[in-house]
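> My questions concern the predicted model and sequence given below.
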Amino acid sequence: MKIAGLYLVASLLLTFFSQDIVSNHAFLNFVVQDRMAEEKLTALLSTNDLTKYAVPELGINANKLEAELNQVRDGVAVVADHCFADESATVRASTKAIIRANKTGRKVIAAFSDKIGYIANQLEEDCCISIPAADTLCIEDAETVRRCSTQFEAILIEYIIKNQYQIREEVNTWFRLDSYCKSPCMGTAPTNTLKLLKIAERICNVFLEHSILSIYKIFGLVESLCKSTDMNGALDDVIVDEFAHIMSENIKNGTFSVVPKKNRLVVDDTKKPIIVYGERIYIRQELMLEVLSNMKKVRNKRHLVNALKSRNVLNETDGNTHPLDAYDTTGKSVRLYCYDVSSHILDADVRETLEDPEAGKYYIRPEQLPDSDFLSLVSRSDGRIAGRQIRYGTSNNNSVAIWGQSGYGKTYLMMQLMKRTAELGHRVVVFDSSDSFSIEALYQAMPKGFADTHIDVYDLARLAIPVNPFRIDRSKSQAAQEATLLGLVCAGISELSDSQSDLLYAAVNDVLTETSPDKPISLENICKMLDNQSSAYRSLMNRLNPLIRPIQQLGMDNRTWREFLTKEITIIRMDTSFTERDNVLFDMLIASFYNAQCEDPTVPLDVFIDEIQCQNLAKGSPIHKILTEGRKVHMSFCGATQDYYSRNTDIGSTMGKADTQIFLKPTLNSTELVAKELRFNRAECEKLDSMVRGDCYIKGSIYEPESGRNIPAILRGRITPL
């Protein structure tokens, strides 16, 4: 409205501008969505007496339209567009007339159309600036706007007459100071329009002592509109957009029912069924005609079908239609001739409904979320959220497996889960070998204040091992202490022979017997107790050396994990060698984590690791143990990698035990396996190819508010921003 008001002011100042500016400027095209907005803009801008001179429309003869526009002098010549989008020849001829009229006389032109912006700039580059107009421009009705506009014009004209010499001087001064109006993104004609608006604002500011819109805001808006082509849609785009809008509304309000395509398809004509198959919707001819009857931009079905073809959203099988075999409600076989249209053109929330009509029961508005222990996972376009409630008393674990191509949001999703679980009162420990969780990355993914306050970063590559895993509870029984130490030493090592096991067991037993409970135990103590005369000694030491060497090189602090974890989130940054497969030191640290949690499970503990394909995920490994038994001690695991693996592999078998599986866009190697895991049919497999960054599927136990518990489900959604 402010831009339109300045345009009106500029039209009354044209006598002060050079003819070069007046005859070579871009006219404004307001892209209106309804007749009410058009009426308000017409009331504001039209300088004709609307009771005597009706606003010309695109549908009249082009020469007559040009003549009517040229009747306006020192004002705004308004033209309305009530044409159908399939009247392309008429619209094109009228647009040519507007361009010609814009170059003659002393006036500016304002059009109200969602079609001519694209055509005008095809005919002559940069001759039109399209401005999106909101449906509800202002709260006043059109008559109030017209009355106020008329009074404003009278006041302004009076000022112009009284101060014409000062205005002329002001205009000339400001035209010499127009350097900030120049932009490489704007041609001569849009720049001249910008000058008109700039001078109009300056005159209002100086002479009426009222600023309508700052000059810099005008510049920014006009420049962005000149860069954008969003408002300059082709005629086919206009038709398809209106068709998609009406289709979306009919599905939302239940006028059309959604029926999934399946074997022995049954259709009930009384419910006006739309048949859905993957990312396609099948629309029967009678429903297509019903939609067409409600369209205002097109009248002919042939033009509608041609527009759908031009946008590559119509799949033609038999002529323009796609035949389907189905049954009516009496069981009689019928053949349906449907228009096969891509669902991509529909509104986002409608596409989500078509994806899975039953999934809506799992999505909750933020104000309806459970009071505690709810972990948000994904959201929909309408702001509703789906997730799970963390419950350790059930048989399901709270672990998460994330799969997907690089660059599609795995690390970002992990950062969100880190923050959200920490906010639930959990301790979070992240092992980072890829620098995915650098401070810079954390600042981009979450509020800087949160990262500074709640996250601690420990560089294991430069500092000592932060804890002593061999600090065990000496108050327990001898057998329990032996089992704990043996488990730590053997973590990540494949099974020992009987002679090796006996030798190691004897050394552990001797260490516990000879070491005072108030003194620390180390791996070096255990190795000294090994019988070096045993035939198994050398082979056992060869197995232990990969663990002994890094401990000797790095050194080891005497803290426990509870003493080390002082913040809600701790990131332990490691060299890549610490995460290579079968790295015993890394596995020993994970095993000691599990032991520490067993001793005190009061605070839930979550371990996060990216690139899990580099880890030891064999049966019996520490990570496998967390996934299978961690729920008993309030411990969970979150891991991510690119490829999805078959369940007969170590990684597929172990990570398949995570109760929540999150699939981002799969790699080419994984697409078939992911489709099988999600139980997709052939058409639904296309959905995986169309996934973009942030899209994901979740398979797991999802909170269902009606029952108040987690229920197995498969959902599609978007990663919810922090």
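Looks like it came in fine. Numbering: from 1, shown residues only.
> all contacts plus neighbour counts: C-alpha atoms, from now on.
Fine.
> where does the stretch 401-550 of the chain dip in pLDDT?
Low-confidence segments of the stretch 401-550 of the chain, defined by pLDDT under 70: 492, 494.
> make it 50
In the predicted model of the stretch 401-550 of the chain, no residue satisfies pLDDT under 50.
> Tell me which helix or strand in the protein has the weakest average pLDDT.
helix 215-227 (a mean of 67; mean pLDDT, DSSP states H and E).
> So for the next helix or strand after that helix, what gets flagged as buried?
Next in sequence after helix 215-227, counting helices and strands by DSSP states H and E, comes helix 235-252. By neighbour count with 16 or more other Cα atoms under 10 Å, helix 235-252 contains the buried residues 235-244, 246-248, 251.
> now for helix 235-252, which elements pack on it?
Packed against helix 235-252 by the contact rule (3 or more Cα pairs under 8 Å, 6 or more residues apart in numbering; DSSP states H and E) you find helix 285-293, helix 301-310, helix 348-355.
> what mean pLDDT would you report for the helix or strand following it?
Note on helix 235-252: by DSSP H and E, the next helix or strand toward the C-terminus is strand 257-260. Mean pLDDT, strand 257-260: 88.
> Alpha carbons of strand 257-260, as CSV, please.
Only the C-alpha atoms of strand 257-260 are listed here, as CSV (Å, rounded to 0.1, in the frame of the first residue of the first chain):
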residue,chain,number,x,y,z
SER,A,257,-11.7,-38.4,-0.4
VAL,A,258,-8.3,-40.0,-0.6
VAL,A,259,-8.1,-43.7,-1.7
PRO,A,260,-4.8,-45.5,-1.8
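> hmm, who's touching it?
Ile251, Val267, Lys271, Lys272, Pro273, Ile274, Ile275, Val276, Tyr277, Leu354, Pro357 (Cα atoms under 8 Å, 6 or more residues apart in numbering).
> what distance separates stretch 434-444 from the centre of its chain?
20 Å (Cα atoms, centre = their mean, to the nearest Å).
> same check, this time on stretch 713-722
Going by Cα atoms, centre = their mean, where stretch 713-722 is centred and where its chain is centred differ by 10 Å.
> would you put the C-alpha positions of it in CSV?
Included here for stretch 713-722 are C-alpha records, laid out as CSV according to Å, rounded to 0.1, in the frame of the first residue of the first chain:
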residue,chain,number,x,y,z
ALA,A,713,4.8,-46.5,13.0
ILE,A,714,6.5,-45.2,9.8
LEU,A,715,6.3,-41.5,9.3
ARG,A,716,7.7,-39.0,6.8
GLY,A,717,8.6,-35.5,8.0
ARG,A,718,11.1,-32.7,8.1
ILE,A,719,14.0,-32.4,10.5
THR,A,720,12.7,-29.8,13.0
PRO,A,721,15.0,-26.7,13.3
LEU,A,722,16.2,-25.9,16.8
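> Give me the residues contacting it.
Against stretch 713-722 from outside (Cα under 8 Å, 6+ apart): 352, 355-356, 359, 376-380, 385, 413, 416, 445-446, 678, 694-702.
> Please list only the buried members of those.
Buried among the contacts of stretch 713-722 (16+ other Cα under 10 Å): 352, 355, 359, 376-380, 385, 413, 416, 445-446, 678, 694-702.
> Against the centre of this structure, work out the most remote residue.
Farthest-out residue of the chain from its mean C-alpha position, per Cα atoms, centre = their mean: Gln533, at 64.8 Å.
> Could you look up the SS state of it?
When classified by DSSP: H, G, I helix; E, B strand; the rest coil, Gln533 comes out as coil.
> What residues does it make contact with?
Taking Cα under 8 Å, 6+ apart, one finds nothing in contact with Gln533.
> what lines up beside the helix or strand encompassing Ile571 in the sheet?
Take DSSP H and E as the rule and Ile571 turns out to sit in strand 569-573. Here strand 569-573 is paired, per DSSP bridges, with strand 427-432 (parallel), strand 455-459 (parallel).
> would you list those in CSV and tack on mean neighbour count and distance to Val76?
As requested, these are exported to CSV (neighbours: other Cα atoms under 10 Å; distance: least, Cα to Cα, whole Å):
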stretch, mean neighbour count, distance to Val76
strand 427-432, 23, 64
strand 455-459, 17, 61
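> Out of those strands, flag the one nearest Ser653.
strand 427-432 (21.6 Å; Cα to Cα).
> hang on, the earlier thing: now, which of the buried ones among the contacts of stretch 713-722 lie within strands?
376-379, 385, 695-702 (DSSP state E).
> Of these, which is the nearest to Lys40?
Ser379 (37.8 Å).
> any idea what sits nearest that closest one, other than its immediate chain neighbours?
Leaving aside its sequence neighbours, Ser379 sits nearest to Ile385 (Cα to Cα, 6 or more residues apart in numbering; 4.3 Å).
> The one you found and Ile702, how far apart?
11 Å (Cα to Cα, to the nearest Å).
> and what of Ser592?
31 Å.
> Asp114 and Asp34 touch, don't they?
No. Using Cα atoms under 8 Å, Asp114 is not in contact with Asp34; the gap is 10.6 Å.
> Measure how buried Gly383 is and give me the count.
Counted with other Cα atoms under 10 Å, the neighbours of Gly383 add up to 13.
> That one sits in which helix or strand?
Per DSSP H and E, there is no helix or strand for Gly383.
> In PyMOL, select just the buried ones from the contacts of strand 257-260.
In PyMOL, a selection of the buried entries from the contacts of strand 257-260 looks like this (16+ other Cα under 10 Å):
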select buried, resi 251+267+272+273+274+275+276+277+354
